[in-house]
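1. Any chance you can model this:
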Amino acid sequence: MKNDKWDEESCSTKSNFICYDEHNKTGQTFHIIEDKNKMTWPEAQSYCRDIHTDLISGVKQLKDFKTQYPNHAKTPVWIGLFRDCWSWSDGRNFSFRSWETDSVILIKENKTWVDALYYCRDHYRDLVSITNQDEQLWVQERAKMASTPYVWLGLRYTCTLDLWFWVTDEMVCYNNWGPGQPGDDCTTAGAMDREGTWVKKDDDNQLNFICSK
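-> Purely as a prediction, here's the structure:
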């Protein structure tokens, strides 16, 4: 992470990094390791796991860190994100990978993106996330039966970090965006048309949506 943006770097590069400590009652504490203690990504991960809890992981932690350290130096720091496709260092956010045990359902009610999110979390599991081609095909079969031209996905843009992310906190590794998509408007969320193409839509649109069960 540099200048509050995410970027790729070789794991063998030595860099500053951010660890976190997990506290049951008080939340999380962040520790910036820098200057003479620069390490490769695997070294930083091992250090954080030995001394603290892990490398900083997840969109929420990064937002909390930015709130607590708004004037942090803009030099590059390792965060707990690695690509295999993309996974968090502390193992979180694999909640929607097992399609043998999970399923999805189309809700033929018209709701804004936020209302759809709350509905899915109240009645099922979450708004659907798509991390590979198999999941894409499964979801687009449901989208064909929608009563609206598009259906909401669990995909959202954050201006704070300037990126698209799944509500399960997974990065958008696999994607099926249409031409000229997605853009970066602060009030947009991800939707799918009946053919399976992803598009951005203002989050106050009222659409059908797909939940994970």
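
2. Any chance of the backbone angles for the residue lying farthest from the centre of the chain?
-> Note on the chain: the largest separation between a C-alpha and the mean C-alpha position, by C-alpha atoms, centre = their mean, falls on residue 36 (31.6 Å). Reported as degrees, to the nearest 10, the phi and psi values for residue 36 are phi -80, psi -10.

3. Next: residue 156.
-> In terms of degrees, to the nearest 10, the main-chain angles of residue 156 are phi -140, psi 150.

4. That one reaches residue 165, doesn't it?
-> Yes. Here residue 156 reaches residue 165: they are 6.3 Å apart, a contact under C-beta atoms under 8 Å. The way it works is simple: take the backbone N, C-alpha and C, and place the C-beta from them, glycine included.

5. Need the residues touching each of those two.
-> Common contact partners of residue 156 and residue 165 (C-beta atoms under 8 Å, 6 or more residues apart in numbering): none.

6. which residues in the chain form helices?
-> 41-51, 59-68, 113-123, 133-143 (DSSP state H).

7. and the protein, what are its domains?
-> Each domain of the chain is listed here as a residue range: 16-88, 104-212, per automatic domain parsing.

8. Just name the most buried of these.
-> For these, ranked by mean neighbour count under the definition mean count of other C-beta atoms under 10 Å, the leader is domain 104-212 at a mean of 18.

9. quick one: terminal-to-terminal distance for it?
-> Across its full length, domain 104-212 reaches 4 Å end to end, with C-alpha to C-alpha, to the nearest Å as the criterion.

10. Tell me how far it lies from the chain's centre.
-> Averaging C-alpha positions (C-alpha atoms, centre = their mean, to the nearest Å) puts domain 104-212 13 Å from its chain's average.

11. before we move on, back to that, go through the domains of the chain and find the least confident stretch.
-> Summarising mean pLDDT across the domains of the chain, the least confident stretch is domain 16-88, with a mean of 84.

12. quick revisit: in JSON lines: the domains of the chain, plus distance to residue 3.
-> Below are the domains of the chain laid out as JSON lines (distance: least, C-beta to C-beta, whole Å):
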{"stretch": "domain 16-88", "distance to residue 3": "5"}
{"stretch": "domain 104-212", "distance to residue 3": "10"}
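
13. rewinding a little: for the helices of the chain, which one sits closest to residue 105?
-> Of all these, it is helix 133-143 that lies closest to residue 105, at 7.4 Å by C-beta to C-beta.

14. who touches that closest one?
-> By C-beta under 8 Å, 6+ apart, helix 133-143 touches 96, 99, 104-106, 128-130, 151, 153, 174, 176, 192-196, 210.

15. which ones are touching residue 18?
-> For residue 18, the contacting residues are 30, 31, 32, 33, 55, 56, 65, 77, 78, 79, by C-beta under 8 Å, 6+ apart.
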